[in-house]
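A.B. asks: Return a 3D structure for these sequence lines:
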Amino acid sequence: MMNSENIFSIKYNQEIPDTGKLLIAEPFLTDYPFSRSVVLLVNHSLESSMGIILNVPMHQSLNDIITDLKGLENIPLYRGGPLGEDILFFIHSHSHIPAALPITNKLYLNGDFDIVKELLLEGKVEPNDFRFFLGYSGWGPEQLQNELKTNTWLVTEEPAEYIINQSAKLLWKNILHNMGYKYKLWARYPLVPSQN
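C.D. replies: Residues are numbered from 1 along each chain as shown. Got it, this is the predicted structure:
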């Protein structure tokens with residue numbers, strides 16, 4: 001049984017970050033857009049890391065910015081991070097999309113967006129097969145390692161279908177639940193403790 005004084009001792013869980021793994025924000029991190037965020041590392045090396053925040057919905061839909069898609073049901077759009085906020089990224093599990101970059105063996109980044117639009121408009125793929133983002137998150141040399149040392153992030157991994165299909169609203173909480181007892185308690189910690 002875990003000592004109660006250790007339950008909210010926020011410590012990096014010693015998992016090694018890598019492409020395809022997830023960074024889970026510790027519950028006391030309040031910086032927007034990283035508060036309660038889940039970040040998919042789409043590239044990681046000692047020199048730099050790039051990630052996409054998976055669970056910060058935007059008020060706009062993809063249809064609002066890609067007028068060719070106006071006839072389709074609204075496709076959710078997420079804020080991938082504070083950098084390159086005019087750049088569209090998307091993740092998916094369709095290996096046949098030309099120029100798609102593998103993140104894991106079943107998860108891909110981007111690809112030929114004209115083909116994706118065509119497939120969406122023809123109904124050959126479902127909008128919920130994809131997650132679309134504006135912007136990304138980035139770390140320079142040793143920056144992510146320093147943030148891990150200061151216990152800003154936990155590192156974990158989940159299957160591709162889980163990442164794409166989970167509710168963005170519940171993603172942070174559900175992943176902490178998947179990580180076990182101590183982290184389930186973290187998931188219950190109120191965003192604004194004074195309003196508890």
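A.B. asks: pLDDT (mean, whole number) over stretch 151-160?
C.D. replies: Confidence over stretch 151-160 (mean pLDDT, whole number) is 93.
A.B. asks: who touches that stretch?
C.D. replies: With contacts defined as Cβ atoms under 8 Å, 6 or more residues apart in numbering, stretch 151-160 is touched by 10-13, 15-17, 20-26, 29, 39, 93, 104, 106-107, 144, 147-148, 175, 178-179, 183. Where C-beta positions appear, they are placed from N, C-alpha and C, glycine not excepted.
A.B. asks: Narrow those residues to those in strands?
C.D. replies: The strands, defined by DSSP state E, take in 22-25, 39, 104, 107 from those.
A.B. asks: any chance of those residues in JSON lines, plus distance to residue 77 and pLDDT?
C.D. replies: Below are the ones in strands among the contacts of stretch 151-160 laid out as JSON lines (distance: Cβ to Cβ, whole Å; pLDDT from 0 to 100):
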{"residue": "22", "distance to residue 77": "20", "pLDDT": "97"}
{"residue": "23", "distance to residue 77": "21", "pLDDT": "97"}
{"residue": "24", "distance to residue 77": "22", "pLDDT": "96"}
{"residue": "25", "distance to residue 77": "21", "pLDDT": "94"}
{"residue": "39", "distance to residue 77": "17", "pLDDT": "98"}
{"residue": "104", "distance to residue 77": "23", "pLDDT": "94"}
{"residue": "107", "distance to residue 77": "19", "pLDDT": "97"}
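A.B. asks: one step back: of the contacts of stretch 151-160, grab the buried ones for PyMOL.
C.D. replies: For the buried members of those, the matching PyMOL selection, counting by 16 or more other Cβ atoms under 10 Å, is:
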select buried, resi 15+17+20+21+22+23+24+25+26+29+39+93+104+107+144+147+148+175+179+183
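A.B. asks: Residue 78 and residue 56: what is the separation?
C.D. replies: For residue 78, the distance to residue 56 equals 6 Å [Cβ to Cβ, to the nearest Å].
A.B. asks: helices and strands around the longest helix along the chain, which ones?
C.D. replies: Among the elements of the chain assigned as helix by DSSP state H, the one spanning the most residues is helix 168-178. Packed against helix 168-178 by the contact rule (3 or more Cβ pairs under 8 Å, 6 or more residues apart in numbering; DSSP states H and E) you find strand 22-25, strand 38-44, helix 181-188.
A.B. asks: buried stuff in it?
C.D. replies: 171-176.
A.B. asks: Nearest to residue 47, out of the residues you listed: which one, please.
C.D. replies: Residue 47 has its nearest neighbour among the buried residues of helix 168-178 in residue 175, at 27.2 Å by Cβ to Cβ.
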